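Peer 1: Got a predicted model here, sequence first, then my questions.
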Amino acid sequence: MDSEDRSPLGYDAFRRTCPSHTVLEMLASKWVYLTVCALRRGRLRNGELARKLEGITPKMLTQTLRVLERDGLVRREVFAVIPPRVEYELTELGQNLAGLLSQIRSWAEEHAPDIKDARARASADHGEMGAAS
């Protein structure tokens, strides 16, 4: 393994049993990613998050928020009012992660046309190879 692949803390995400590997698995969820990005600008209620994250089911939103809270990335605050009000916000650790994820999101939005074009070319090439068979 190259020295640049090794963490100064001794972690190795390429190893299945490494704790950092499980962190990467959690971060690989598009809903984790989008929820963290959505909360970057501040506190949101469950309904506000659901509206912002088009396509997420209530069950998936609940599961995602529980994972983020468990992992110390999101803080949940319940207000004792009727009806009960719950708000979510990023912790300091979550804010730190959100900065990195926002850069990835910007890259994805900037390069979406390039990826779309490459996919179209690959489909066309694949179609031509299938026709030649």
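Peer 2: Received the coordinates, thanks.
Peer 1: Against T17, how distant is the most centrally placed residue in the chain?
Peer 2: With distances taken as C-alpha atoms, centre = their mean, the residue of the chain nearest its centroid is Y33 (1.3 Å). Noted for Y33: a distance of 24 Å to T17, by C-beta to C-beta, to the nearest Å. The way it works is simple: take the backbone N, C-alpha and C, and place the C-beta from them, glycine included.
Peer 1: And for P58?
Peer 2: Separation of P58 from T17 (C-beta to C-beta): 34 Å.
Peer 1: secondary structure element for W31?
Peer 2: helix 30-39 (DSSP states H and E).
Peer 1: tell me what that helix is packed against?
Peer 2: helix 46-52, helix 58-70, strand 74-79, strand 85-90, helix 92-132 (3 or more C-beta pairs under 8 Å, 6 or more residues apart in numbering; DSSP states H and E).
Peer 1: Quick one: mean pLDDT for the longest one?
Peer 2: Which is helix 92-132. Average pLDDT, helix 92-132: 88.
Peer 1: and if you look at stretch 60-74?
Peer 2: On average, the pLDDT along stretch 60-74 is 97.
Peer 1: what do you get for stretch 14-24?
Peer 2: Computed over stretch 14-24, the average pLDDT equals 86.
Peer 1: got the CA positions of that stretch in CSV?
Peer 2: The C-alpha trace of stretch 14-24 is given here as CSV (Å, rounded to 0.1, in the frame of the first residue of the first chain):
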residue,chain,number,x,y,z
PHE,A,14,-10.0,-0.3,2.1
ARG,A,15,-10.2,-2.8,4.9
ARG,A,16,-13.8,-4.2,5.4
THR,A,17,-13.4,-4.3,9.2
CYS,A,18,-12.1,-0.7,9.6
PRO,A,19,-14.4,1.7,11.3
SER,A,20,-13.8,4.3,8.6
HIS,A,21,-15.1,1.7,6.0
THR,A,22,-18.5,1.8,7.8
VAL,A,23,-18.5,5.6,7.8
LEU,A,24,-18.0,5.6,4.1
